[in-house]
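# got a predicted structure plus its sequence, pasted below:
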Amino acid sequence: MTPKKKTTIKAKSSSTKKTAVKRAVKKTAKKAVKKKQVKKKIAVRAESKEITASDIRVSKVKTPALLRGMKDVLPKDQYFWKKMYRTAEDMCDAYGYGYIEPPVLEDASLFIRSIGRGTDVVDKEMYVFEDKDGSKVGMRPEFTAGIARAFVGHGMTSLPQPVKVWCWGQLFRHDRPQAGRYRQFHQFGCENFGVHDPAIDAETIGVAYNFLLDLGIKTNIFINSIGTSDDRQNYIIELVGYLRTKRSYLCEKCRKRISKNPLRVLDCKGESCQAVIEEAPQIIDWLSESSKNYFVKVLEYLDEMEVPYALKPTLVRGLDYYTETVYEIYTEESEEGSQDALGGGGRYDLLVEQLGGQPTPACGFGIGLERVILVWRKLIEEGKIEQKEDLPKIFLAQLGEQARMKTLRIIENLRRQGIIVGHNLGKTSLKAQLELADKQKCAYCLILGQKEVQDKTIIIRDMESGIQEIVDQKKLKTELDKKLKKMAV
RNA sequence: GUGGCUAUGGUAUAAUGGUUAUUACUCCGGUUUGUGGUACCGGCAAUACGAGUUCAAUUCUCGUUAGCCACCCCA
């Protein structure tokens, strides 16, 4: 009944040219029939408004599409994801950061309060919905707020300070998708609570920088200080005053920003706005003596650590909770104005208190992993980074029912002894399995057939030379060790 | 959220207002049943969706959706 059956019948017919023509005719006929059937069924369905299982089978079932801005992480990219995770893990172990992971869902007010009303992240991009009990739930658009909440909620104030944590996971922002920008994306982040000291700022920046460097990505850090909230208030008054005098030169959006969010004007890329911005008072000049000294100290530390950075007086960040040090991480080559920031962070000394905790200074960063991959890929394409895949070097091919039966056991025994072998139980022919071994660039292939099962032996085939030897299964581990050692040399 | 470009098998592509939609890769199977890297043979698999113009649309027009790019913002 199904088209599949027809094709099997067809396949049995011989393959001369004449039948090829016939087949083709049949094929179109089949297609036409298929189309008709589908149309009919759809019509029927529309009339009866009922969908039965058979309908679904006859009509072409549509695969539900991926939601907009969502992306599958696929095995083909595992090299990137695994390596990033391992690097992050090693990095954080070395620097004494503990793993933390707040939930995806939080009370929406947590994000609104911490990130701030008026920011795009909250106003436009946050996924908010009503839970079954009517409460407003937000999907985390960033990590810091949730972690700060956890810090307060779990009494981490009474732990030795600083409390250092790192996290890894999905974040959600309902933005328009673009290259390196998804609605669900991954971030790696570090947070550092409880100490107000330039050394701590520098440490977190160093972790971010060295994480990327470990992956082979050289970066440049744009850095600025926006001072304490008092400093900023004074500066904003000055800035607004200045901008008002230049109002006529500004773009429409910036004019609105003057009253709404004047710091954002500094980010505007409009030509006439740029000219105004260049002349504008710089926040650095409005920092209090202590903030200025603090910032200078941070830079000294960075010099000492050989972390490359560039001062960027117009850098203000999109989230409300930042104080003092703020920075963004870009690839070495990228232009100042480009938007491919790999990550960003800064100090947020007021956030914990805002969330009802003891006054606790803190700082941290987040790195966008999809963007890291984007840059990383490019570097590999350009041949600037090598991509090393570690593939299984040994393959186990089985032949015959009895051998198949033994396969998993042998694989598990070897695994317990620290030797990983590839296999494919979906194949029965030796030829197909050798093909796979070859495709996976295995150096050796173990062959287990009827005879070997009976004799308790196994064949080790050298894939390059084709030389085979028969060894006792008990001696397999030591034999393989020898061979792998040789290869390593 | 705004604007521009695009949409053909899983991937990458060719072509056309008309009768079997091209090719390559991948995948599955085979070339005498226990030996791979080559070759040969066969198979699976596509014009995003919906409407309009037309005798006829995969091709032209419109809408929808999605992707890409730029803006906004950010990671």
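Arrived safely. Numbers count the residues shown, from 1 in each chain, chains lettered A, B, ... in the order given.
# and the pLDDT at residue A:459?
On pLDDT, residue A:459 comes in at 95.
# neighbours of residue A:115, how many?
As a burial measure, residue A:115 scores 24 neighbours (other C-beta atoms under 10 Å). (Each C-beta comes from the backbone N, C-alpha and C, glycine too.)
# quick check, it in contact with residue A:321.
Yes - at 7.0 Å, residue A:115 counts as touching residue A:321 under the criterion of C-beta atoms under 8 Å.
# what about stretch A:216-227, how long is it end to end?
33 Å (C-alpha to C-alpha, to the nearest Å).
# quick one: average pLDDT of that stretch?
In the prediction, stretch A:216-227 has an average pLDDT of 91.
# may I see the buried residues of it?
By 16 or more other C-beta atoms under 10 Å, the buried positions in stretch A:216-227 come out as A:217, A:219-227.
# relative to residue A:436, which of those residues is nearest.
residue A:217 (33.9 Å; C-beta to C-beta).
# can you say which helix or strand has the closest one in it?
For residue A:217, there is no helix or strand it lies in under DSSP states H and E.
# ok, it to residue A:371 distance?
Residue A:217 is 10 Å from residue A:371, where distance means C-beta to C-beta, to the nearest Å.
# what do these two both touch?
Common contact partners of residue A:217 and residue A:371 (C-beta atoms under 8 Å, 6 or more residues apart in numbering): residue A:342.
# now the strands for the stretch 1-150 of chain A?
With DSSP state E, counting those that start in this stretch as the criterion, the stretch 1-150 of chain A has strands at A:98-99, A:105-107, A:128-130, A:136-139.
# tell me the most buried of these?
strand A:136-139 (a mean of 18; mean count of other C-beta atoms under 10 Å).
# circling back to that earlier point, out of the buried residues of stretch A:216-227, which are inside strands?
A:219-225 (DSSP state E).
# what sits against the residue of the stretch 51-200 of chain A found nearest RNA strand B?
Scanning the stretch 51-200 of chain A for proximity to RNA strand B using C-beta to the nearest atom of the strand identifies residue A:179 as nearest, at 2.7 Å. Taking C-beta under 8 Å, 6+ apart, we find residue A:179 in contact with residue A:374.
# how far away is it from residue A:445?
Residue A:179 is 42 Å from residue A:445, by C-beta to C-beta.
# among the strands of the stretch 1-150 of chain A, which is nearest residue A:294?
Taking these one by one with C-beta to C-beta, strand A:98-99 is closest: 26.3 Å.
# name the residues that touch the closest one?
A:92, A:163-168.
# one more pass at 6 Å, please.
residue A:165 (C-beta atoms under 6 Å, 6 or more residues apart in numbering).
# tally of neighbours for the closest residue in space to residue A:123 that isn't next to it in sequence?
Counting by C-beta to C-beta, 6 or more residues apart in numbering, residue A:117 is the residue found nearest to residue A:123 once chain neighbours are left out, at 6.8 Å. Residues lying near residue A:117 (other C-beta under 10 Å) number 9.
# and residue A:117, how far from residue A:319?
Distance from residue A:117 to residue A:319, by C-beta to C-beta: 12 Å.
# likewise for residue A:468?
Distance from residue A:468 to residue A:319, by C-beta to C-beta: 64 Å.
# of the two, who's got more company?
Shown here are residue A:468 and residue A:319; by other C-beta under 10 Å, residue A:319 has more neighbours (22 against 12).
# not counting sequence-adjacent ones, nearest residue to that one?
According to C-beta to C-beta, 6+ apart, the nearest residue to residue A:319 is residue A:115 (5.0 Å).
# what's near enough to touch that neighbour?
Counted by C-beta under 6 Å, 6+ apart, residue A:115 has contacts A:121-122, A:319.
# which of the residues you listed sits closest to residue A:451?
Using C-beta to C-beta, the contacts of residue A:115 come closest to residue A:451 at residue A:121, 66.9 Å.
# that closest one contacts residue A:141, correct?
Yes - with contacts counted by C-beta atoms under 6 Å, residue A:121 reaches residue A:141, the gap being 5.2 Å.
# more neighbours: which of the two?
residue A:141 (22 against 17).
# what about stretch A:75-90, average pLDDT?
93.
# just the CA atoms of it, as CSV, please.
The C-alpha coordinates for stretch A:75-90 follow below in CSV (Å, rounded to 0.1, in the frame of the first residue of the first chain):
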residue,chain,number,x,y,z
PRO,A,75,27.5,16.3,17.4
LYS,A,76,29.4,17.8,14.5
ASP,A,77,30.2,20.8,16.8
GLN,A,78,31.1,18.8,19.9
TYR,A,79,34.7,19.6,19.5
PHE,A,80,34.0,23.2,20.2
TRP,A,81,31.6,22.7,23.0
LYS,A,82,33.5,20.1,24.8
LYS,A,83,36.8,22.0,24.6
MET,A,84,35.2,25.2,25.7
TYR,A,85,33.7,23.5,28.7
ARG,A,86,36.8,21.7,29.7
THR,A,87,38.9,24.8,29.3
ALA,A,88,36.4,26.8,31.5
GLU,A,89,36.4,24.0,34.0
ASP,A,90,40.2,23.8,34.2
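# mind listing what's buried along it?
A:79-80, A:83-84, A:87-88.
# same thing with stretch A:246-253?
Under 16+ other C-beta under 10 Å, the buried positions of stretch A:246-253 are A:246, A:250-251.
# give me the subset of the buried residues of stretch A:75-90 that lies in helices.
A:79-80, A:83-84, A:87-88 (DSSP state H).
# how about those in JSON lines, adding distance to residue A:432?
Putting those into JSON lines (distance: C-beta to C-beta, whole Å) gives the following:
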{"residue": "A:79", "distance to residue A:432": "26"}
{"residue": "A:80", "distance to residue A:432": "30"}
{"residue": "A:83", "distance to residue A:432": "31"}
{"residue": "A:84", "distance to residue A:432": "34"}
{"residue": "A:87", "distance to residue A:432": "37"}
{"residue": "A:88", "distance to residue A:432": "39"}
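# quick one: those as CSV, columns for distance to RNA strand B too.
Formatted as CSV, these follow (distance: C-beta to the nearest atom of the strand, whole Å):
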residue, distance to RNA strand B
A:79, 18
A:80, 15
A:83, 19
A:84, 14
A:87, 17
A:88, 15
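# and residue A:234, how far is that from residue A:351?
Taken as C-beta to C-beta, the span from residue A:234 to residue A:351 is 21 Å.
# when those two are compared, which one has more neighbours?
residue A:351 (28 against 16).
# for the more buried one, what are its contacts?
Applying C-beta under 6 Å, 6+ apart, the residues near residue A:351 are A:114, A:148, A:321.
# let's see 7 Å
Contact partners of residue A:351, counting by C-beta atoms under 7 Å, 6 or more residues apart in numbering, are A:114, A:148, A:321, A:362.
# and if you look at residue A:249?
A:272, A:275-276.
# look up the closest residue to residue A:419, ignoring the ones flanking it.
Closest to residue A:419 by C-beta to C-beta, 6+ apart is residue A:480, at 5.7 Å.
# need the three-state assignment for the one you found.
helix (DSSP: H, G, I helix; E, B strand; the rest coil).
# just the pLDDT at the closest residue to residue A:410 other than its chain neighbours, thanks.
Nearest residue to residue A:410, sequence neighbours excluded (C-beta to C-beta, 6+ apart): residue A:396, at 6.6 Å. According to the prediction, residue A:396 has pLDDT 95.
# many thanks, we can stop here.
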